[in-house]
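> just the structure for this:
(one chain, ligands or ions: 2)
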Amino acid sequence: MAYTTKKYILFGGDYNPNQWDEATLRQDMIYFREAKINTVVLPVFSWAKLEPSEGQYNFGWLDHILDVLEENGIGYILATPTGAQPAWMSRKYPEILPVDIEGRKRTHGMRVFFCYNSEKYRERAAAIAAAMAQRYRNRKGLEGWHVANEYGTSCYCENCQKKFRDWLKRRYGTIENLNARWGTEFWGRTYYSFEEVMLPTKLNDDCQFFPACELDYQRFKTDSTIACFENEAKILKAATPDLPVYTNISGYIKKLDQFKMVPCMDVAGWDNYPSPQDPRSLPALKLDIMRAARDGESFYVAEQSPAQQNWQPYNKLKTPGEMRRIAYQGLAHGGDSSLFFQMRQSRYGQEKMHGAIIGRAGTDTTRTFREAMQLGRELEQLGARFVGGRTKAKIGILFDWDNWNAMELCSGPSRDKDYLKEVLHLYEPFYYKNVPVDVLKYTSDFSEYRVILAPCLYMLKDNIAERLNRFVKEGGTLVTGYLSGYADENDRCEFGAYPGPLRKAAGIWVEETDGLFPDEKVSVCTSEGITVQADFLCDVIHTEGADPIAEYTSNFYAGTPAATCNHYGKGKTYYLATKFGRDFLDVLAERILRDAGLAPLFPTEGDVELSCREKEGICTYFAINFGRERACVDLADKSYTELLTGRELTGNTPIEPGDVLVFGRKSNSEGEEV
Ligand code: GLA
Ligand code: ZN
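Residues are numbered from 1 along each chain as shown. Ligands and ions are numbered 1, 2, ... in the order given. This next block holds a predicted model:
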């Protein structure tokens, strides 16, 4: 069941009024109403204030803030404050403090600075979660629970060491099995007992030189963090079964396997902090990953910045309209909320330079406030029209955290292996054509898809090769290439050429792979006779039935295929032996789309992102002009209503630079299109 299907889009975000006085709190309420802020998230990190000594709770100040919010009709998501334990707790129970990868026991300090396996931490966290649940479960303003904050620290303490061994025992049963799975014959790493297995750290360098062990440590870290989350979540869930419980996911998503983590939450909550230097495709892809985490369900954008940040090396101001574009991009890709960090700027601390909807000047006349107000009013107008709506895509791109870790832990053939970049690279030619793409897990249902992109499918598990072979045989188009079909779930390679079990479907085999220098390019000639460049890795391949569609023209492997297409069953597999630039991939994407009978949602011109969410048969389109020139979306003879202005749109419709158009057919109160 999706928990996000509310009657409106959540608009607001992190709020810390415990840092200021009553008069400011009251002033904030006026501004919130003005900007149509409907939801705040609090009191993240306020454990020290809520529990000044063990078991002595001090909820009075929070009760008062919640009263004021309710008086003003503003809902709230209550955060358990367990992202930062009080100083007395670290002092009384030093076992809570983490040990870092260099083996240093850390002192009390930072936030999210605790051992996620500490029984004491979990006991105290469960106690305060229970106290909050008990106290606030029936409050009318309560909209959900946000647990702790951005989990993801690693710990290497003795307790984690013991837990890791227990985890391995459960996973492998016997030490002989672990030896076989981890390939400990190599470098004489044979263990005689689980007690000899060490956490992979900088003390033993196994974090760098023992990929099978590090890979399992990352899995263990995710499982431990899930247990830490569930320790609180189950209490909150029991108290308020109808409200969503989640934790916000760091913008840097590699830290934890979110395809394991998010299904344990009621809704994914992702913190979206694109750098102004990122291409717009990167947040788009990450948003699509979040949508995949609960198999297409909508999610929360749990944080984004309304203005300047403080933690980028250079903190550019958000340009006029930029916040609005980012917010709509989040909604367009499946967000049911537009939550921000933060409502009002702090007076002190590490983030005092971080922007907020209400700046320290404390006025509603700032550019940021006025832009937030415009957004708030628009979102209110849009109501629940697309809340809970889904994206309908026929192209899927595979994504997997184990694959991510394993591929990047692998030493060779290039140190520049960056899985997210590789996925983005193959996503972009389709994304920029405004053809919807779904991110797929290895275990997703493939039956609705015509095309599956599988960049760097290094690790094979969950029968993925068998499932892809079947997908192609039954008429699908698969695109894969270098670094695919190497290892099993323990990072063991099989004898036999790559891409392993995909060899037949690809109709090629890989003899060897050249790792190019960072500035090195190879030339490739396409079957249309066009010369293009490629870089990164070059597989030297042999065809076994596949047709070359491009050939290397440089290096000693000149004349051998650089890309192939193989008919297999009713479908086909494209194999990209090297990293082509966008020129080649754009042409290939066009060919694939044409063959599969797929087209962009509407033809567009200019730097415009076009997406669609469908809810109960009603489509809502989002056209976002990220460019500095006027863009167009060609609606041909169709006519739609621009939902924010009521304007009728038809034919070639212009979108001003930086502007957003949200459009669809009008619907009546029963939700039918009219
Ligand atoms: C993160 C945290 C917030 C805050 C913001 C600042 O995402 O969750 O508490 O530190 O970054 O951008
Ligand atoms: Zn620990």
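
> closest residue of the stretch 151-300 of the chain to ligand 1?
Asp271 (4.2 Å; Cβ to the nearest ligand atom). For every residue, glycine as well, the C-beta is placed using N, CA and C.

> next one: the top helix by length along the chain to chain centre, how far?
In the chain, assigned by DSSP state H, the helix with the most residues is helix 211-239. Distance, stretch centre to chain centre, for helix 211-239: 17 Å (Cα atoms, centre = their mean, to the nearest Å).

> mind listing what's buried along that helix?
Of all the residues in helix 211-239, those buried under the rule 16 or more other Cβ atoms under 10 Å are 211-226, 228-233, 235-237, 239.

> ok, now stretch 116-128?
116-118, 120-122, 124-128.

> over to stretch 38-52?
Within stretch 38-52, the residues scored as buried using 16+ other Cβ under 10 Å are 38-47, 50-51.

> what's the first-to-last distance across it?
30 Å (Cα to Cα, to the nearest Å).

> kindly report the same for stretch 33-49.
Start-to-end, stretch 33-49 (Cα to Cα) is 28 Å.

> ramachandran angles for the closest residue to Glu150 other than its chain neighbours?
Excluding its sequence neighbours, the residue lying closest to Glu150 (Cβ to Cβ, 6 or more residues apart in numbering) is Ser250, at 4.4 Å. Backbone torsions of Ser250, given as degrees, to the nearest 10, read phi -60, psi 140.

> quick one: Pro436 from His425, how far?
Using Cβ to Cβ, to the nearest Å, Pro436 is found at 18 Å from His425.

> part of a helix, is Met89?
Yes: checked against DSSP: H, G, I helix; E, B strand; the rest coil, Met89 lies within a helix.

> state the distance from it to Thr107.
Separation of Met89 from Thr107 (Cβ to Cβ): 13 Å.

> which of those two has more neighbours?
The neighbour comparison of Met89 against Thr107 (other Cβ atoms under 10 Å) goes to Met89, with 22 against 11.

> what distance do you get for the more buried one to Ala127?
11 Å.

> and Lys286, by the same measure?
Distance from Lys286 to Ala127, by Cβ to Cβ: 35 Å.

> tell me the pLDDT at Glu51?
In this model, Glu51 is scored at 98, pLDDT.

> residues contacting it?
Glu51 sits next to 57-58, 86, 124, 128 when contact means Cβ atoms under 8 Å, 6 or more residues apart in numbering.

> how much space between it and Ala227?
22 Å.

> over to Met261?
Distance of Met261 to Ala227, computed by Cβ to Cβ: 11 Å.

> show me where pLDDT drops low in the stretch 551-674 of the chain?
667-674 (pLDDT under 70).

> now do the SS call for the residue in it that ligand 2 sits nearest to.
Nearest to ligand 2, among the residues of the stretch 551-674 of the chain, is Lys579, at 39.2 Å (Cβ to the ion). Assigned state for Lys579: strand (three-state reduction, three-state DSSP).

> surely it and Tyr482 touch.
Yes: contact criterion Cβ atoms under 8 Å: Lys579 and Tyr482 qualify, at 7.3 Å.

> which neighbours do those two share?
Between them, Lys579 and Tyr482 share the contacting residues 536-537, judged by Cβ under 8 Å, 6+ apart.

> can you tell me the SS state at Phe45?
For Phe45, the assignment made with three-state DSSP gives coil.

> the nearest residue to it once chain neighbours are set aside: how many residues sit nearby?
Among residues not flanking Phe45 along the chain, Ala84 sits closest, at 4.5 Å (Cβ to Cβ, 6+ apart). Neighbour count of Ala84, defined by other Cβ under 10 Å: 21.

> get me the contact residues on the stretch 351-500 of the chain for ligand 1.
By Cβ under 6 Å from any ligand atom, the residues of the stretch 351-500 of the chain that approach ligand 1 are 351, 354.

> hey, where'd the strands end up in the stretch 351-500 of the chain?
All strands of the stretch 351-500 of the chain, identified by DSSP state E, counting those that start in this stretch, fall at 395-398, 437-440, 451-454, 477-481.

> and of those, who's closest to Glu303?
The minimum distance between Glu303 and these falls on strand 437-440, with 20.6 Å, by Cβ to Cβ.

> tell me the SS of the residue nearest to Lys316 when sequence neighbours are not counted?
Of all residues not flanking Lys316 in the chain, Pro276 sits nearest, at 4.8 Å (Cβ to Cβ, 6+ apart). Following three-state DSSP, we place Pro276 in the coil state.

> how about the residues of this structure near ligand 1?
Checking the chain against ligand 1 by Cβ under 6 Å from any ligand atom, the hits are 149-150, 248, 271, 273, 303, 305, 309, 341, 351, 354.

> in a strand, His542, correct?
Yes: counting by three-state DSSP, His542 is located in a strand.

> what are the boundaries of the strands in the stretch 51-200 of the chain?
Taking DSSP E, counting those that start in this stretch as the test, the strands found in the stretch 51-200 of the chain are 75-79, 142-146.

> in a markdown table, list these along with mean pLDDT and mean neighbour count.
Below are these laid out as a markdown table (pLDDT from 0 to 100; neighbours: other Cβ atoms under 10 Å):
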| stretch | mean pLDDT | mean neighbour count |
| --- | --- | --- |
| strand 75-79 | 98 | 25 |
| strand 142-146 | 98 | 24 |
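
> redo those as JSON lines? Include distance to ligand 2.
Below are the strands of the stretch 51-200 of the chain laid out as JSON lines (distance: least, Cβ to the ion, whole Å):
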{"stretch": "strand 75-79", "distance to ligand 2": "23"}
{"stretch": "strand 142-146", "distance to ligand 2": "24"}
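
> pipe those strands into JSON lines and attach distance to Leu453 per row.
As requested, these are arranged in JSON lines below (distance: least, Cβ to Cβ, whole Å):
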{"stretch": "strand 75-79", "distance to Leu453": "35"}
{"stretch": "strand 142-146", "distance to Leu453": "34"}
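
> follow-up on the earlier one: ok, the residue of the stretch 551-674 of the chain closest to ligand 2 - contacts?
Lys579 is in contact with 422, 425, 482, 534-537, counting by Cβ under 8 Å, 6+ apart.

> partner residues bridging it?
Lys579 has these beta-bridge partners by DSSP bridges: Asp535.

> state the distance from it to Tyr419.
Distance from Lys579 to Tyr419, counting by Cβ to Cβ: 13 Å.

> repeat that for Trp404.
The gap separating Trp404 from Tyr419 is 4 Å, by Cβ to Cβ.

> go on, Arg124?
Taking Cβ to Cβ as the measure, Arg124 falls 37 Å from Tyr419.

> and what of Gly12?
Distance, Gly12 to Tyr419, by Cβ to Cβ: 34 Å.

> more neighbours: those two, which one.
In terms of neighbours (other Cβ under 10 Å), Gly12 is the more surrounded of Gly12 and Tyr419; the figures are 26 against 21.

> am I right that that one is in a strand?
Yes: counting by three-state DSSP, Gly12 is located in a strand.

> quick check: beta-bridge partners of it?
Thr39, Leu339.

> tell me who's in contact with it.
So Gly12 contacts 32, 37-41, 74, 339-340, 343 (Cβ under 8 Å, 6+ apart).
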